[in-house]
Every structure is written in structure tokens, then in C-alpha cells.
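Chemist: Quick one: sequence plus predicted model below, questions after.
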Amino acid sequence: MLRTILLLIASLCGFVYLTYSLEVFEISFTDLQMKTLISMTKLYLISSLYCFVISEIVENYSQVDKFWSTIPIVYVWYFTLESEMDTRMLIMATLVTIWGVRLTYNFARRGGFSIYFWKGEEDYRWVEVKKSIPILSKRLNWAIFNLFFICLYQMGLIFLFTLPILAAWQGSENPIYWADYLIAGVTLLLIILETISDQQQYEFQNEKYRRIHLGEVLDGDYKKGFITSGLWSFSRHPNYTCEQLIWIMFYLFSVSATGQWINWSIIGCILLVMLFYSSANFSENITAKKYPDYKKYQENTPMFIGFKN
């Protein structure tokens, strides 16, 4: 697990260095675009520091989760407003808002938010990370990990996967055309599918724990302990699959605007895919230990659609 985390951090630093320091891509911003980028970079740093300080004080290390579905909305609308409401960027910002509102609702109903802003459900995986990496059991080491990975890395990733909207701004002289509407339509479809998969998981978990609480007989998936029906019969993580594809679609808006299939803003969606793959693997290792039938599910159902592993 430690090697995976170090790989993720190294990948982020490496991609950023290759892109911006070695000038792999031709990047040219207007003064207004650069000013806006600097303002949003400051917001990223301030919000990362906030997450670190609060999490260290209250010892709840899921503060970044509260920003995952909310701060991208701020980023995209700030860029859009500064561009004087470019049509393509307006579509992008609207889609991110729909995505963010839906995901915020899903996170809230699972206990992610509280009237006391620093509280809320903590991701169980952080406890498992501590157990799997003994060196992090020391308070100072965990604080360093919290600062650089949980806060700076994850908040940085969120910032990076929203930056295709800045690339779209760079190509704003190219008018919107059919490809943009196609990308928008596919993105909406993915949001709907992600909503369905989250709802199926939510209903399953509620019913499972209702039966357990009342002492009722557990059968089928309830006996196994995990859902394998609906969209979960096609993928072990249909919600993760849709989430990754949504941000790949978001990147394609920048392709439509710039005419470049690979441009500097691709870094965010690449790193997002890497994070989700690592996160899914880690979660599945925990689940497989808890539920004996999960290994058979892994053998018969792909992790993500199209990837049998």
C-alpha cells in the first residue's frame, strides 16, 4: 500500500513537471487566464490547509471528501464567469454543477455532512491504511501523510481534473459544434447511470442492515454481504466506472475546443483513473477478507466495465 501511495504522489509530481517545466505541451495563457488560474491555485492551497488543520484537530480525516463534490463547482464557474460566459464553458460548468449536486446529496444521506461542519462519517479506509502501514502509526508520520497525501494530493487532483475548462477557454475562438453536444449527452447519461448504481447500493445496504437489526433471515446477496445485481452485475464498481468516464468526457470538451487530442489538461483524468484503480483494489482487499464469496464475484465480474480483473 505504501508503494502505491508513493507511486501516486510521484506520478502527480512527475506529470506536472513534464507538462509545465519541460514544456512537453505548448501552453500559452492570456493575462486574464493566468490571473484566474493563480486565484484558483490559491483557493486550492487554502482549502488544502483548511482540511489539514481541521482534520488534525478533530481527528476526522475525511475533510477532503466534503470538498470532492463541491469545490469543482466553484472552480468551473469562476473560470466561466471570467471568460464572460463562453458557451462551451457554460455547458461544462452546468454539467459539473449537476454532477456535484447529485454527488453531494449521495454523500450527505450516508452521513458525510453534519450540522457541525468538522464532523461527519469518516472513510473507514484510513483506519485500514494505518493498520497496513505500521510506520504511519506514529502521530508525526501520520500528520505528514495527512498533509501531503490526504490533503495536498487529493485536493490537487480535484483541481487538476477540472482544468480542462481552462484549456477550453484557450480554444474559445473555435465555436461550439456537434461534438460538444454529443459529449454533453454522454456525460448526462453517465451521471444518470452513476445515480442508479449509487441508489442500488444505498437501498441494498439499508435493507441488509434492516434485516440484521430485526434478526430476519439473510438470503441471496444479503447473505453474501454485498450487492451483485443491477448495474453491479456488469461491474464491481459501476459508480466508479461512471465517475472516471464523466471526467474523461469533461476532458474531451477541451479536445473539441483546442483540436488537440492530447493537451496539457489531460493530467487530471489520468491521475484520477490511477487513484480510482488503486482505491478500488485496496477496498476490495478489505471486502474479500470480510466476505468469503467476494472472490468468486471478482472472478466473474470485471472491476470496471471492459476490464476483467
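Modeler: Perfect, thanks for sending it.
Chemist: Distance check, residue 203 against residue 210.
Modeler: 10 Å (CB to CB, to the nearest Å). All C-beta atoms are positioned from the backbone trio N, CA, C, and that covers glycine.
Chemist: what do you get for residue 54?
Modeler: For residue 54 relative to residue 210 (CB to CB), the value is 33 Å.
Chemist: More neighbours: these two, which one.
Modeler: residue 54 (17 against 11; other CB atoms under 10 Å).
Chemist: which outside residues touch the helix or strand harbouring residue 98?
Modeler: Per DSSP states H and E: residue 98 is located in helix 87-109. With contacts defined as CB atoms under 8 Å, 6 or more residues apart in numbering, helix 87-109 is touched by 65-66, 68-70, 72-73, 76-77, 79-80, 83, 113, 162, 164-165, 168-169, 172, 176, 180, 184, 187-188, 191, 194-195, 198, 202, 246, 250, 253, 256-257.
Chemist: of the residues you listed, buried ones?
Modeler: 65-66, 68-69, 72-73, 76-77, 79-80, 83, 113, 162, 164-165, 168-169, 172, 176, 180, 184, 187, 191, 194-195, 198, 246, 250, 253, 256-257 (16 or more other CB atoms under 10 Å).
Chemist: Let me know the distance separating residue 257 from residue 251.
Modeler: Taking CB to CB, one finds residue 257 at 11 Å from residue 251.
Chemist: Please work out how many residues are found near residue 13.
Modeler: 12.
Chemist: who does the host helix or strand of residue 296 touch, helix- and strand-wise?
Modeler: Assigning secondary structure by DSSP H and E places residue 296 in helix 294-300. Judged by 3 or more CB pairs under 8 Å, 6 or more residues apart in numbering; DSSP states H and E, helix 294-300 is in contact with helix 267-290.
Chemist: Mean confidence (pLDDT) on the helix it packs on, please.
Modeler: For helix 267-290, mean pLDDT is 91.
Chemist: Then stretch 253-263?
Modeler: 95.
Chemist: same question, stretch 152-162
Modeler: 95.
Chemist: Other residues contacting it?
Modeler: 8-9, 12, 40-41, 44, 47-48, 51-52, 64, 67-68, 71-72, 75-76, 96, 247, 250-251, 265, 267-269, 271-272, 275.
Chemist: Which ones among these lie within helices?
Modeler: 8-9, 12, 40-41, 44, 47-48, 51-52, 64, 67-68, 71-72, 75-76, 96, 247, 250-251, 267-269, 271-272, 275 (DSSP state H).
Chemist: In the chain, which helix is the longest?
Modeler: The chain, longest helix under DSSP H: helix 178-214.
Chemist: packing partners for whichever helix or strand comes after that one?
Modeler: Downstream of helix 178-214, the next assigned helix or strand under DSSP H and E is helix 220-224. Applying 3+ CB pairs under 8 Å, 6+ apart, we find helix 220-224 packed against helix 178-214.
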